[in-house]
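Q: requesting a structural model of the entry that follows:
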Amino acid sequence: GEDILFHHEGGVDIGDVDAKAVRYSVDLTHFPTNEELCRNLLHNVAADAMRERVSGFIQALLKTYRELHFAYLEINPLVVTADGVIPLDLAAKIDETAAFLCGSKWGKIEFPAPFGRPLLPAEQYVHDLDGKTGASLKLTILNPAGRVWTMVAGGGASVVYADTICDHGAGHELA
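A: The predicted structure follows:
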């Protein structure tokens, strides 16, 4: 599920958000109503009109969060006025593996290359393929001059293979 945290007093001096904020867990198959958000999350917001405004904002935010495959979203602080809700600062992470689903909605986003270096042509090719499929396709070349390539599918096998190759004196040949 997803956890929505809300504290009626924000700002830089909020302290430990996990300890202070009200937490409302929402099942991935459920979309909370205004009433549920007001009752379970916004009960410390004094004014009814403000509570309704913030509830509507959270609903729109959750809809966007799900549609664009966010992995994390934090707004602190936000300001509630008679006209609406204004986020003043926001931090977010999106799930790069969802690019094939909603990359066109994200716009032009470039994810950093692994290990802080440009992708090699083969890595770029696999990265481009990865963005066009629901499968997870990854390639990282650690040693471009290496002659020993392994193809494994998780479960720790890559570590066992790499250890065995090193044990046989060919560690410097691993790609």
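
Q: C-alpha from now on. contacts and neighbour counts both.
A: OK.

Q: in the protein, which spans are strands?
A: 2-6, 22-26, 70-75, 78-80, 85-87, 90-94 (DSSP state E).

Q: only C-alpha atoms, please: export the last one in CSV.
A: As requested, the backbone C-alpha atoms of strand 90-94 are provided in CSV (Å, rounded to 0.1, in the frame of the first residue of the first chain):
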residue,chain,number,x,y,z
LEU,A,90,8.7,19.5,-3.2
ALA,A,91,11.0,16.5,-3.4
ALA,A,92,10.0,13.5,-5.6
LYS,A,93,11.4,10.3,-7.0
ILE,A,94,9.9,8.5,-10.0
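
Q: for that strand, what is the average pLDDT?
A: The average pLDDT within strand 90-94 is 93.

Q: any regions of the chain where pLDDT drops low?
A: Residue ranges of the chain with pLDDT under 70: 10-12, 14, 114, 153-155.

Q: contact partners for the residue with the shortest distance to the centre of the chain?
A: Nearest to the mean C-alpha position of the chain, by CA atoms, centre = their mean, lies Ala71 at 2.3 Å. By CA atoms under 8 Å, 6 or more residues apart in numbering, the contact list for Ala71 reads 92-95.

Q: now with 10 Å, please.
A: By CA atoms under 10 Å, 6 or more residues apart in numbering, Ala71 lies in contact with 2, 65, 92-96.

Q: buried residues in the longest helix along the chain, which are they?
A: Counting residues, the longest helix found in the chain (DSSP state H) is helix 48-67. By neighbour count on 16 or more other CA atoms under 10 Å, the buried set for helix 48-67 is 50-59, 62, 65.

Q: same check, this time on stretch 137-144
A: For stretch 137-144, burial by neighbour count (16+ other CA under 10 Å) applies to Thr140.

Q: now swap in stretch 111-130 and tell me
A: For stretch 111-130, burial by neighbour count (16+ other CA under 10 Å) applies to 119, 123-124, 127, 129-130.

Q: please flag which of those residues sit within helices.
A: Using DSSP H, 123-124, 127, 129-130 are the members of the buried residues of stretch 111-130 that sit in helices.

Q: could I get the buried residues of helix 48-67 as TSV with distance to Glu36?
A: Below are these laid out as TSV (distance: CA to CA, whole Å):
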residue	distance to Glu36
Met50	15
Arg51	11
Glu52	11
Arg53	14
Val54	12
Ser55	9
Gly56	11
Phe57	14
Ile58	11
Gln59	11
Leu62	14
Tyr65	18
